[in-house]
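> quick one, what's the 3D model for this:
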Amino acid sequence: MGWAMDDLEAREAIAAAYVSVGFEAQPLAEIDDHSLHLTLAGVKGTFVIAADDVHAYAEAADESAKLAPTPVPASFASNSYREQRVSFDGPECLFGDPSSSYPFVRIGPASKIYRSRMIVEPEVMLYFRGRFERYRGFNYNSFLHRIKTISIFNVNAHSIERSIDVTEEIINSVVFRLLYTENLNLSMFSSWPAAPAVSALKEDDKESSIDIKRPFAQVLYITDLVRFYQRGASDMDPFVQFLSFYHVPEYFFVTLSDASLYKKMSQILNAPSFSTNPRDLDRLIVSMSSHKSETDETEMLKMVLKEFVTEDDLIEYIKNSPVESSLSKPKSCFGYQLDKVSVEKGHVFGSVAKRIKTIRNALVHSSDRYERKERYVPGLKAYQTLRPEIPLLRFLAGAVIVGSATPRVT
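Numbers count the residues shown, from 1 in each chain. I've put the predicted structure just below:
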């Protein structure tokens, strides 16, 4: 049985918090209910925290006391629960089954507990103070009830620190799932006070039904890759999109190249006949030298695609792509000549890798100092040239993230 706070105690606690940031609280005797009336020296008008919100603060006090701030801004967590403020333009979402004992995720309006904690956050109170000083009619309530959060339930971690780690992995999976399957961008807030979008859910929408119940992801995606993918998917500039999506397969260049070299060397070293005579040592040296000369970045990209992307899926995607006509014929791209993409088995990975790497070089090495050719310069022409190349690279980046995912250990 937890400790129960009454409305008077809640009002006093909220008042003490606001007094600490410069407000003055009017005595309860001058007010008909438990609402909190606050004033600021030199500012006309009264900043009122409604009696309903004071009561909500009291009701949530027991559960709220179990939550601790996380290192991530605008977030609270306990051993079994985490709630994080988000920016999300999609409908309310549910991942997993709330009736089970396994973790599940909800995205939607902030909970009563979250709003009660948020209302006394120092950064939030200072934000309210600034808005009140500037706009005397500022309504904090409309601010609070437009906040959206992602909530993770049934975490069941042995500590808050572990709960944060586990929920970071879950949030990362949800971010990628929404982008990859529904093109919905979910992003975490990096600070408390930023005002929510006007289009966000209002108080009256809190009881709205969840549109689709989605299965809970049982895999973990590499966080850095999801961040690159999210950056590419959320930006409107094709230059940023291309390089962000390119960073996904590039992440594995060295890892897979080294693995290939280790395999070649192991085959030599593990042979029963190997010894430290000049002939066998020369074989090692030749293996290392040939690997270095043969493995350029185009070959590394091809290696990554072959490792994580299914050839049949890639061929089918290219054939059915809305920009297939652009891929199926040669074209000039910022001073380089792009060959058409082959859809033949055994050739598609090399063809795609060469095209993507050529475009990447054109974007990064934009100087014409030596060759005096046209190079990438931001503008409408560059946008029209680069835009059709984005869907294929986005498809590949998503396939690499999926292919490199690992099972989630519960």
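> pull out the buried positions in stretch 54-64.
Using 16 or more other C-beta atoms under 10 Å as the test for burial, stretch 54-64 gives Val54, His55, Ala56, Tyr57, Ala58, Glu59, Ala60, Ala61, Glu63, Ser64. No exception for glycine: its C-beta is placed from N, CA and C like everyone else's.
> need the max-distance pair from the residues you listed.
Val54 and Glu63 (16.6 Å; C-beta to C-beta).
> before we move on, back to that, tabulate the buried residues of stretch 54-64 (JSON lines), appending pLDDT, distance to Asp89 and secondary structure.
Listed next are those as JSON lines, based on pLDDT from 0 to 100; distance: C-beta to C-beta, whole Å; DSSP: H, G, I helix; E, B strand; the rest coil:
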{"residue": "Val54", "pLDDT": "90", "distance to Asp89": "32", "secondary structure": "helix"}
{"residue": "His55", "pLDDT": "90", "distance to Asp89": "32", "secondary structure": "helix"}
{"residue": "Ala56", "pLDDT": "88", "distance to Asp89": "27", "secondary structure": "helix"}
{"residue": "Tyr57", "pLDDT": "90", "distance to Asp89": "29", "secondary structure": "helix"}
{"residue": "Ala58", "pLDDT": "91", "distance to Asp89": "33", "secondary structure": "helix"}
{"residue": "Glu59", "pLDDT": "88", "distance to Asp89": "30", "secondary structure": "helix"}
{"residue": "Ala60", "pLDDT": "87", "distance to Asp89": "27", "secondary structure": "helix"}
{"residue": "Ala61", "pLDDT": "85", "distance to Asp89": "33", "secondary structure": "helix"}
{"residue": "Glu63", "pLDDT": "83", "distance to Asp89": "29", "secondary structure": "helix"}
{"residue": "Ser64", "pLDDT": "82", "distance to Asp89": "28", "secondary structure": "helix"}
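> residues in contact with the residue lying closest to Ile164 once chain neighbours are set aside?
Distances taken as C-beta to C-beta, 6 or more residues apart in numbering place Thr70 nearest to Ile164, at 5.2 Å, with adjacent residues excluded. Residues in contact with Thr70, defined by C-beta atoms under 8 Å, 6 or more residues apart in numbering, are Phe76, Ala77, Arg82, Gln84, Ile160, Ile164.
> as a markdown table, the residues you listed with distance to Phe245 and secondary structure would be great.
Shown next, in a markdown table, are these (distance: C-beta to C-beta, whole Å; DSSP: H, G, I helix; E, B strand; the rest coil):
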| residue | distance to Phe245 | secondary structure |
| --- | --- | --- |
| Phe76 | 34 | strand |
| Ala77 | 32 | strand |
| Arg82 | 29 | strand |
| Gln84 | 26 | strand |
| Ile160 | 35 | helix |
| Ile164 | 29 | helix |
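> from those, keep the buried residues only.
Phe76, Ala77, Arg82, Gln84, Ile160, Ile164.
> hmm, which of these is lowest in pLDDT?
Across those, the smallest pLDDT goes to Ile160, namely 87.
> contacts only, for Lys88.
If you look again at residue 88, you'll see it is Phe, not Lys. Ile107, Lys148, Ile150, Leu184, Asn185, Leu186, Ser187.
> which one of the residues you listed is nearest Tyr376?
Asn185 (26.2 Å).
> now the closest one. Nearest residue, chain neighbours left out?
Per C-beta to C-beta, 6+ apart, closest to Asn185 is Ser234, 4.9 Å.
> pretty sure that neighbour contacts Leu186?
No - contact between Ser234 and Leu186 fails when scored by C-beta atoms under 8 Å: they sit 9.9 Å apart.
> where in this protein is pLDDT low?
1-3, 29-32, 136-137, 194-213, 257-266, 268-269, 274, 280-295, 366-374, 409-410 (pLDDT under 70).
> ok, now how distant is the residue located most distally from the centre of the chain from Asn270?
Relative to the C-alpha centroid of the chain, counting by C-alpha atoms, centre = their mean, Asn277 is the outermost residue, at 53.7 Å. Counting by C-beta to C-beta, to the nearest Å, the gap between Asn277 and Asn270 amounts to 16 Å.
> check Ile160 too.
47 Å.
> check Asn79 too.
Using C-beta to C-beta, we find Asn79 at a distance of 48 Å from Asn270.
> ok, these two, which is more surrounded?
Asn79 (16 against 8; other C-beta atoms under 10 Å).
> ok, Val120 - contacts?
Ala13, Ile14, Ala17, Tyr18.
> and it, that one's in a strand?
No - with DSSP: H, G, I helix; E, B strand; the rest coil as the criterion, Val120 is assigned coil and is not in a strand.
> look up how far Ser328 lies from it.
61 Å.
> can you list the domains in this structure?
1-65+124-130, 69-110+145-217, 227-407 (automatic domain parsing).
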